[in-house]
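Chemist: Generate coordinates for the sequence data below:
(2 chains)
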2 protein chains.
Amino acid sequence: MSTILVIGATGQIGKQATKKLLDAGHKVVALTKSPEKLSDVENANLTIAEQNLEGDFSSAFEGVDNVVFAAGSGGNTGADKTLLIDLWGARNAVNYAKQANVSQFIMVSSIGAGNPDEVDGDIKPYLVAKHMADEHLINSGVPYVILRPGSLLNEPGTHLVTTDMPNNRDDAVIPREDVATTIVESLNRSSDDNLIVHLFKGDTPISKVFE
Amino acid sequence: MSTILVIGATGQIGKQATKKLLDAGHKVVALTKSPEKLSDVENANLTIAEQNLEGDFSSAFEGVDNVVFAAGSGGNTGADKTLLIDLWGARNAVNYAKQANVSQFIMVSSIGAGNPDEVDGDIKPYLVAKHMADEHLINSGVPYVILRPGSLLNEPGTHLVTTDMPNNRDDAVIPREDVATTIVESLNRSSDDNLIVHLFKGDTPISKVFE
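Modeler: The predicted structure is shown next:
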């Protein structure tokens, strides 16, 4: 069991990942600016790091083995926060992780972040930010898994996914809970190859994704 | 004399650079979405490429020796355009330049882009975008000069600059015309070392900056 820093630990994916990591016996450092949102989680292996991603949050990386970046500025803020949180916060997290010599960085990215030019409309600036954050991680030398889930659903997970892009865009969906489960499974993988993995509802048990 | 692609050729720096490059005898491909703003420039060596940086503008790179990126979404648009133009437009320009095997990429960056965390306030998202665009250029393998001017002034150039950061932040200024002159001079340099150069009003003739 290792110590996992979850950045964005009170987000919709981050909180589920935090709970599942604790259930799996890991120690979790939960980085959030809203620690009250974790008041319902009682576990001796949980440490809260109350930090703002717009400041210096390097102290949260002390003694950490793995980092999960599940933070996001959310859909209700402007693109200035997309630049400051989704891009620059992630960039700084990668640099802190490198300095702390962590074993692995799990980035929650997005479908479309691979090539934002394939996408039109209001989501494109967000995908540009995610793309550049992913690129910074890829070039950093820190071992990584980049998860690129489809459209996120608030429904119970099925524990069954596919990493192949569906033919029909409407099928490119996945419950947030299954993304959280995939984060936990990514820590158990035997290989340390760098990976970029798409994630959609499918037929494959999540435990097989990293075999 | 070579062929220079000026991206953002009708901007406040870009237009002055375009004129000075033509005056120096270069061929200029002027990329802009507002070609009417160049209607006062008559020169047989000027070609207009009417393009939008949010689309595919790779065709403008055909037969180009050097690229100048002087585009910006400007202060009157939102941070979504900062992501789409200042960051993603620059990123795509670098990739097109690499594909076209250009000799050199001159990026008009900004003071503060080296370390956006040293800066607070409304300008920080812009500096994050400029930082990540510069980082993409640095990692691209395309030979580069990154210019990081201080606060830009609309006054006649003095042709005298310094590349040393002034002790007093109020002295960290430079006329746009001197940035344009520096772009022209950067094409005459003898070395092909990659450079990141700060630019402020000073005592050194611009022609000496690249010696």
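Chemist: drop to CA atoms for contacts and neighbour counts, all remaining ones
Modeler: Noted.
Chemist: List the contacts of residue A:60.
Modeler: By C-alpha atoms under 8 Å, 6 or more residues apart in numbering or on different chains, the contact list for residue A:60 reads A:5, A:29, A:31, A:49.
Chemist: Kindly recompute the last result at 7 Å.
Modeler: Shown here is residue A:60, whose contacts under the criterion C-alpha atoms under 7 Å, 6 or more residues apart in numbering or on different chains are residue A:49.
Chemist: What pLDDT is listed against it?
Modeler: Note on residue A:60: pLDDT of 98.
Chemist: cool, and residue A:145?
Modeler: So residue A:145 comes in at 98 (pLDDT).
Chemist: sec struct for it, please.
Modeler: On the three-state scheme (DSSP: H, G, I helix; E, B strand; the rest coil), residue A:145 is labelled strand.
Chemist: does it really touch residue A:198, like I thought?
Modeler: No. Residue A:145 is not in contact with residue A:198 according to C-alpha atoms under 7 Å; the separation is 10.6 Å.
Chemist: Of these two, which one has the most company?
Modeler: Just comparing residue A:145 and residue A:198: by other C-alpha atoms under 10 Å in any protein chain shown the higher neighbour count belongs to residue A:145, 25 against 20.
Chemist: what's the first-to-last distance across stretch A:5-12?
Modeler: 16 Å (C-alpha to C-alpha, to the nearest Å).
Chemist: show me the contacts for the residue lying closest to residue A:45 once chain neighbours are set aside.
Modeler: Counting by C-alpha to C-alpha, 6 or more residues apart in numbering or on different chains, residue A:27 is the residue found nearest to residue A:45 once chain neighbours are left out, at 4.7 Å. Counting by C-alpha under 7 Å, 6+ apart, residue A:27 touches A:2-4, A:45-46.
Chemist: Just read off the phi/psi values of residue A:27.
Modeler: phi -90, psi 140 (degrees, to the nearest 10).
Chemist: That one bridge partners, please.
Modeler: residue A:3 (DSSP bridges).
Chemist: Please tell me how far it sits from residue A:1.
Modeler: Counting by C-alpha to C-alpha, the gap from residue A:27 to residue A:1 is 7 Å.
Chemist: my read is residue A:89 is in a helix, agree?
Modeler: Yes. In this structure, residue A:89 lies within a helix as judged by three-state DSSP.
Chemist: correct me, but it touches residue A:52?
Modeler: No. In this structure, residue A:89 is not within contact of residue A:52 by C-alpha under 7 Å, at 9.1 Å.
Chemist: the more surrounded of those two?
Modeler: When neighbours are counted by other C-alpha under 10 Å, residue A:89 and residue A:52 differ, and residue A:89 comes out ahead with 26 against 15.
Chemist: Would you state the strands of chain A in chain order?
Modeler: With strands called from DSSP state E, chain A shows them at A:3-7, A:27-32, A:46-50, A:66-69, A:104-108, A:144-149, A:151-153, A:160-162, A:173-175, A:195-201, A:204-205.
Chemist: where are the low-confidence patches of chain A?
Modeler: The model of chain A has no residue with pLDDT under 70.
Chemist: Output the longest helix belonging to it.
Modeler: helix A:124-140 (DSSP state H).
Chemist: residues of that helix that come out buried?
Modeler: A:124-138 (16 or more other C-alpha atoms under 10 Å in any protein chain shown).
Chemist: Show me what from chain A comes close to chain B.
Modeler: Listed as neighbours of chain B in chain A under the rule C-alpha under 7 Å from any C-alpha of the partner chain: A:79-80, A:83-84, A:88, A:125, A:128.
Chemist: Mind doing that once more with 10 Å?
Modeler: Selection of chain A residues close to chain B by C-alpha under 10 Å from any C-alpha of the partner chain yields A:54-56, A:78-85, A:87-88, A:91-92, A:116-117, A:120, A:122-129, A:131-133, A:135-136, A:139.
Chemist: who's in contact with the residue sitting nearest the centre point of chain A?
Modeler: Nearest to the mean C-alpha position of chain A, by C-alpha atoms, centre = their mean, lies residue A:108 at 2.9 Å. Taking C-alpha atoms under 10 Å, 6 or more residues apart in numbering or on different chains, we find residue A:108 in contact with A:13-14, A:68-72, A:130, A:134, A:145-149, A:179-180, A:183.
Chemist: can you check residue A:152 too?
Modeler: Counted by C-alpha under 10 Å, 6+ apart, residue A:152 has contacts A:12-13, A:110, A:172-179, A:200.
Chemist: Name the nearest of those residues relative to residue B:156.
Modeler: Of all the contacts of residue A:152, residue B:156 sits closest to residue A:110, with 47.3 Å by C-alpha to C-alpha.
Chemist: Could you double-check that that closest one sits in contact with residue A:133?
Modeler: No. Residue A:110 is beyond contact range of residue A:133, at 11.2 Å (criterion: C-alpha atoms under 10 Å).
Chemist: Look up the residues that both of the two are in contact with.
Modeler: Shared contacts of residue A:110 and residue A:133 (C-alpha under 10 Å, 6+ apart): residue A:127.
Chemist: burial measure for residue A:156, as a count.
Modeler: 11.
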